[in-house]
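The sequence and its predicted three-dimensional model are supplied below.
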Amino acid sequence: MNWLSAVQHLHDTATPGVLVTVAAVRGHAPREAGAKMVVSLETSWDSVGGGNLEATATERARAMLTVSATAPELLTLRLTDAASNEHGRQCCGGEVTLLLEPLQTVRPHVAIFGVGHVGLELGLILSRLPLNLHLVDSRAAQLTPERLAPLQGGAARTEIHHSPIPEMTLHELPPGSHILILTHDHAEDAALCDAALRRPELGFIGLIGSAVKWIRFQDQLRREGHTDADLARITTPIGLPGIVGKTPAVIAVGVAAQLVQRLEADGAATLHPLSSASQSAQHRPAQHQTPQRQP
């Protein structure tokens with residue numbers, strides 16, 4: 001597998017990796033400037049020259065992966081008898097500078113519960129980012145291909161969940177998922193808040209609504225056994241403070257900006273696609289169904 005295919009493989013499998021590029025060469029070296037390899041914690045693909053040069057680069061790349069580094073690094077190595085040769089001697093006589101770039105291959109999971117006016121506008125914005133985007137609604141009419149067509153073709157991988165009991169879909173999301181609760185029904189919102197608070201491993205939990213709504217929800221959630229510390233995990237009203245517009249598009253912009261702040265603070269992603277080749281999100285979105293709520 002060459003380095004480009006390896007990048008796509010890591011992207012498809014959400015596996016962390018580092019792209020190593022020969023950035024500059026002085027004198028003789030085993031590979032030319034522009035040569036690349038890809039390193040994961042378990043293996044590597046392609047080559048920047050073998051020997052001590054490549055072994056040192058691999059070791060450094062894996063050290064970066066171990067600490068979840070996000071910033072690129074330069075590594076300069078001399079290929080002479082006098083240089084440090086921990087992994088063997090290379091006597092080409094030159095000097096090689098390598099660029100080590102952590103690949104943003106692990107996509108955050110973001111779930112929008114409620115694909116009404118605000119949810120649709122929010123989905124349109126987030127579909128342009130390299131996320132695993134889950135669109136969840138109890139109403140099948142909100143999830144038709146025609147209605148969601150504007151969300152296709154972006155960087156996000158979209159999964160559509162028709163879920164008459166939305167909290168069941170919430171339980172299926174992976175740890176670290178970010179939850180945006182925007183449904184048309186306060187009872188659904190309350191059930192989702194309760195379910196989200198029972199999963200301490202979730203990320204951001206945002207709830208749309210007024211101060212009066214939140215006061216009522218707090219009383220209800222406390223009766224369900226949640227503490228004040230639990231309730232503090234929910235951000236409401238959702239969206240950046242200071243934005244007063246109430247149109248769906250304006251609300252969506254504020255919510256998306258607040259979520260991006262959280263993602264960047266977590267170091268989860270730079271929110272830039274790897275390349276046009278890696279935008280495999282243009283596949284047809286996955287469809288999911290959950291059982292009907294019993295009367």
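Done, it's in. Numbers count the residues shown, from 1 in each chain.

where do the helices sit along the stretch 151-295 of the chain?
Applying DSSP state H, counting those that start in this stretch to the stretch 151-295 of the chain gives helices spanning 166-172, 186-197, 211-223, 228-231, 248-266.

okay if I get those as CSV plus mean neighbour count?
No exception for glycine: its C-beta is placed from N, CA and C like everyone else's. Shown next, in CSV, are the helices of the stretch 151-295 of the chain (neighbours: other Cβ atoms under 10 Å):
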stretch, mean neighbour count
helix 166-172, 19
helix 186-197, 20
helix 211-223, 13
helix 228-231, 12
helix 248-266, 18
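
Any idea which of these gets closest to Leu41?
Leu41 lies closest to helix 248-266 among the helices of the stretch 151-295 of the chain, at 20.2 Å (Cβ to Cβ).

so how far is the closest one from its chain's centroid?
14 Å (Cα atoms, centre = their mean, to the nearest Å).

before we move on, what about stretch 157-168?
19 Å.

okay, now the closest residue in space to Pro174 that isn't next to it in sequence: neighbour count?
Nearest non-adjacent residue to Pro174, counting by Cβ to Cβ, 6 or more residues apart in numbering: His109, 5.7 Å away. Neighbours of His109 under the rule other Cβ atoms under 10 Å: 21.

Now do the phi/psi pair for His109.
phi -100, psi 130 (degrees, to the nearest 10).

ok, it - contacts?
His109 makes contact with Leu131, Asn132, His134, Leu173, Pro174, Gly176, Ser177, His178, according to Cβ atoms under 8 Å, 6 or more residues apart in numbering.

my read is Glu121 is in a helix, agree?
Yes - per DSSP: H, G, I helix; E, B strand; the rest coil, Glu121 lies within a helix segment.

So it is in contact with Pro248, correct?
Yes - between Glu121 and Pro248 there is a contact at 4.6 Å, judged by Cβ atoms under 8 Å.

pLDDT weak spots in this structure?
Along the chain, segments meeting pLDDT under 70 span 80-93, 267-295.

just so I have it, where are all the strands in the stretch 101-250 of the chain?
109-113, 132-137, 157-162, 178-181, 205-207, 234-235 (DSSP state E, counting those that start in this stretch).

Please report the distance of the residue nearest to Pro174 from Pro145.
Taking Cβ to Cβ, to the nearest Å as the measure, His109 falls 22 Å from Pro145.

show me the contacts for the closest residue to Glu73 other than its chain neighbours.
Nearest non-adjacent residue to Glu73, counting by Cβ to Cβ, 6+ apart: Leu100, 4.7 Å away. The neighbours of Leu100, taking Cβ under 8 Å, 6+ apart as the test, are Val18, Leu19, Val20, Ala57, Arg60, Ala61, Met64, Pro72, Glu73, Leu74, Leu75.

Mind listing the residues bridging to Leu100?
Following DSSP bridges, Leu100 is listed with bridge partners Val20, Glu73.

Right, I'll leave it there.
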